[in-house]
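Visitor: Sequence plus predicted model, see below.
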Amino acid sequence: MSKDGFFQEIEHTAVPWRQRQLYVPVFYQDVMSLSVSFLAPMERVKAILPSTRMKPYRVSPWHSIVSITAYKYRDSDIGPYNEISIAVPITLDRETPLFTGTIRRMPQVPKLYVRHLPVTTEIAREVGVEFAGYPKFLAEIDFVEEGDWVSCALKAENKHVLTLKGRKLELQQFSRFRAHPITYRRGFLLRSEIVVNERDMGISKNAGDTEIHLGEHPIAEELKDIKLGRVLAYQYCPQYQIILTPVFESYAAG
């Protein structure tokens, strides 16, 4: 698999915004991430969704998924910054078959309702909120590498939210991947697209390869109330590239 040419021949359009120019789609040239998917009780997950049109994955008759991903954007069109995504994989209107995400594969292009999205720079916050309704807010997000482990600590409003830790896994090659982030704004569900380039990534289902520690912030309390369960999958990806499109579809939330 070749990683070259990911950004080539794509119209990268300059858009005036305040006293500067932005470019769409947004190119992320150098990214590192840790991502953990947790089992969670279906009814508790449904309680945090803004629309009944959103259907969480039915991992079992009683369980769904909550994903927490820590991103380190070393280089992007809007500069370097860090971000943590707390999201729920969903479908719209139709429920998934039972055991989606375990026995049955997830959809090839999954949709993810983005519940929380703290970031470390004002431009990342403003652009995300104004252009696509992302639930972004300013926070402290710090990565530390210690031996075979990477940890990411999130602090907001002078309170510890969470710390996510993951082992540096043995890497395998993976092909390109697409996903549709879904946000909620003023009674509508907005859909964008993320395209991830070919990359080297490690995947583990061993709970011993990752840890999460929740603090006392309201977001941490929400995660405690959801009652995150066992780890379904942990992904470690030390370097890759992303293209993020603007919003291109809207649905009435109902």
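Guide: Perfect, I can see it now.
Visitor: Next, give phi and psi for residue 88.
Guide: Here the main-chain torsion angles of residue 88 (degrees, to the nearest 10) amount to phi -120, psi 120.
Visitor: Not counting sequence-adjacent ones, nearest residue to the residue nearest the centre of the chain?
Guide: Note on the chain: the residue nearest the mean C-alpha position is residue 85, at 4.2 Å, using CA atoms, centre = their mean. Nearest in space to residue 85, with sequence neighbours left out and distances taken as CB to CB, 6 or more residues apart in numbering, is residue 69 at 4.5 Å. C-betas here are computed from N, CA, C, even on glycine.
Visitor: Now that neighbour: which helix or strand?
Guide: Assigning secondary structure by DSSP states H and E places residue 69 in strand 63-76.
Visitor: Strand partners (parallel or antiparallel) of that strand?
Guide: Counting by DSSP bridges, the strands paired with strand 63-76 are strand 26-41 (antiparallel), strand 81-92 (antiparallel).
Visitor: Flag the shaky bits of this protein, pLDDT-wise.
Guide: For the chain, applying pLDDT under 70 flags the ranges 1-3.
Visitor: Check it for its longest helix and report it.
Guide: Taking DSSP state H as the criterion, the chain has its longest helix at helix 122-132.
Visitor: Which strands and helices lie in contact with that one?
Guide: Using 3 or more CB pairs under 8 Å, 6 or more residues apart in numbering; DSSP states H and E, the elements in contact with helix 122-132 are strand 81-92, strand 111-119, strand 136-138.
Visitor: now for these, which one comes closest to residue 55?
Guide: Across the helices and strands packed on helix 122-132, the minimum distance to residue 55, taken as CB to CB, is reached by strand 81-92, at 4.9 Å.
Visitor: hey, C-alpha coordinates of that closest one in PDB?
Guide: What follows is strand 81-92, C-alpha atoms only, in PDB (Å, rounded to 0.1, in the frame of the first residue of the first chain):
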ATOM      1  CA  TYR A  81      -3.500  20.900  18.500                       C
ATOM      2  CA  ASN A  82      -4.800  18.100  20.700                       C
ATOM      3  CA  GLU A  83      -8.400  16.700  20.900                       C
ATOM      4  CA  ILE A  84     -10.400  14.100  22.700                       C
ATOM      5  CA  SER A  85     -13.500  12.600  21.100                       C
ATOM      6  CA  ILE A  86     -16.300  11.000  23.100                       C
ATOM      7  CA  ALA A  87     -18.600   9.400  20.600                       C
ATOM      8  CA  VAL A  88     -21.300   6.800  20.100                       C
ATOM      9  CA  PRO A  89     -21.400   4.600  16.900                       C
ATOM     10  CA  ILE A  90     -25.000   4.900  15.500                       C
ATOM     11  CA  THR A  91     -27.200   4.300  12.500                       C
ATOM     12  CA  LEU A  92     -30.100   6.500  11.600                       C
END
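Visitor: Noted, bye for now.
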